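Asks: Pasting the sequence and the predicted model now:
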Amino acid sequence: MNKPDQPNHVNLSVAKKLPQTVVVLGLVSFFNDFASDIVVPLIPILLATVFAAGPVALGLIEGVADALASFLKLWSGRHTDMKSGRRKGLVLTGYMLSNLARPLLGLAGSWVTVLLLRSVDRVGKGLRSAPRDAMVADATPSHIRGYAFGFHRALDNAGAVAGGLTAAAVLAWSDLSLSEVILWSAVPGFAAIVLLGAGIKEKKGDRIPPEKLQRTLSPLRWSALSVPMQHYLWVLMLFTFARASETFILLFGHELGISVVELLLLWSALNLAKAITSTQGGQLANHFGRGALILIGWSALAISFLAISQITTSIGLWMISICYGLFMGMSEGAERALISDYASPDERGTAFGWYHLVSGIAAIPSGLLFGVIWHVYNAAAAFIFASVLAFLAIVLLRVWAWPARQGYNE
């Protein structure tokens, strides 16, 4: 097991063939995010223009939705471990729930309805995320796991690009309203469900008997986690307070006077930047160590948010958002690969559940705090506050979380 700040010497010039499960799950995420990102970048615009709601409402909606999802992720990950690693059913249920609720946002009559439907959407995400990540880890040899998660994140971000561009094109070249565009998101969402149902077959052999598995699994309590994982998750929780929803970038663009179509193009450009670097970032994480790539991504957020607080033009927002996306994309696979390093094979679902739970516990106060600072002071103050927290998390990652891992392996 490699330390997060030490390299795994893999020859980057050798092409590694990813397992079919990883490829299919990547395509499922592509179509699901295609559907999601027709809708998500329109939410802050819908709130501001239709319901006259501002950053506090957006922070509450995103915070509550993410928190609900995160609590479910621990249960769902643990549940699939208890089922001897049978994960597909819960993953499929999660995708179905999200893709039933999300298009209904087009029929919402108030921001409270948006909150309820967005929460149901994220409940679906809560059911599927930890088991899906565990499926990727189960199917992939450890020496290319960073590559596998980077590939998955690349297709995830590519779907976001497709969704944002589709929404922009439809709004620019058709007479459809925002609500009608959101309703049409059901089409790629249906494709994701069909692909998952038909494209992955779980093996029924080599299962650990449930009664034996229940005796071998660690108790579901914080103290049962390894010390390095506890340290890493505490730092991750702090970083979550800094990692405000990227929809706030769009709300900031709206305040700068950027049109809806241009904001959708900006959203697509940001996610395209992530997609470009995600796979290569995963491969670099295998070679240079997970921690080095995480450090790059977190630093990019801290610097980008600080820069956003100082800009006053749409060109500046475009430049910073694209740079932010390029560097953040490099670290996305590394964050998940590091969790799989900490977990034994029969507890991967639980480990990813803890990862998603901890990153979501802070979601409600994080979103609300960001929105309240924005409302009471201004957008610049909110982005500066988030940047300072990100820099603090970076320091703790380097001086507290990494030494704990080194001591654990000695």
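Replies: Looks like it came in fine. Residues are numbered from 1 along each chain as shown.
Asks: Please, which helix or strand holds Arg86?
Replies: Remark: Arg86 resides in no helix or strand, with elements defined by DSSP states H and E.
Asks: What of His254?
Replies: Per DSSP H and E: helix 247-255 holds His254.
Asks: Tell me which helix or strand comes right after that helix.
Replies: Assigned by DSSP H and E, the successor of helix 247-255 is helix 260-288.
Asks: does Gly325 really touch Leu266, like I thought?
Replies: No. Gly325 lies out of contact with Leu266 (CB atoms under 8 Å); the separation is 10.2 Å. Where you see a C-beta, it was placed from the backbone N, CA and C, and this is true even at glycine.
Asks: Find the residue ranges of the protein scoring beneath the pLDDT cut-off.
Replies: For the chain, residues meeting the criterion pLDDT under 70 lie at 1-16, 52, 54, 83-85, 203-221, 286, 342-348, 363-364, 403-410.
Asks: Do a quick rundown of the strands in it.
Replies: Assigned by DSSP state E, the chain shows no strands.
Asks: give the contact list for the nearest residue to Asp37 once chain neighbours are set aside.
Replies: Of all residues not flanking Asp37 in the chain, Gly163 sits nearest, at 3.1 Å (CB to CB, 6 or more residues apart in numbering). Neighbouring residues of Gly163 by CB atoms under 8 Å, 6 or more residues apart in numbering: Asp33, Phe34, Ala35, Ser36, Asp37, Ile38, Val39, Val40, Ser185, Pro188, Ser268.
Asks: so can I have a markdown table of those residues showing distance to Leu396 and neighbour count?
Replies: Output for the contacts of Gly163, formatted as a markdown table (distance: CB to CB, whole Å; neighbours: other CB atoms under 10 Å):
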| residue | distance to Leu396 | neighbour count |
| --- | --- | --- |
| Asp33 | 31 | 25 |
| Phe34 | 36 | 24 |
| Ala35 | 37 | 29 |
| Ser36 | 32 | 24 |
| Asp37 | 32 | 27 |
| Ile38 | 37 | 32 |
| Val39 | 35 | 25 |
| Val40 | 30 | 26 |
| Ser185 | 39 | 25 |
| Pro188 | 39 | 22 |
| Ser268 | 34 | 21 |
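Asks: quick one: Gly371 from Phe385, how far?
Replies: According to CB to CB, to the nearest Å, Gly371 and Phe385 sit 11 Å apart.
Asks: Show me which positions of the helix holding His254 end up buried.
Replies: For helix 247-255, a neighbour-count test (16 or more other CB atoms under 10 Å) marks Thr247, Phe248, Ile249, Leu250, Leu251, Phe252, Gly253, His254 as buried.
Asks: Next: stretch 171-190.
Replies: Leu171, Leu178, Val181, Ile182, Leu183, Trp184, Ser185, Ala186, Pro188, Gly189, Phe190.
Asks: Pretty sure the second one sits against Pro44.
Replies: No. The pair Leu178 / Pro44 is not scored as a contact, 11.6 Å apart, by CB under 8 Å.
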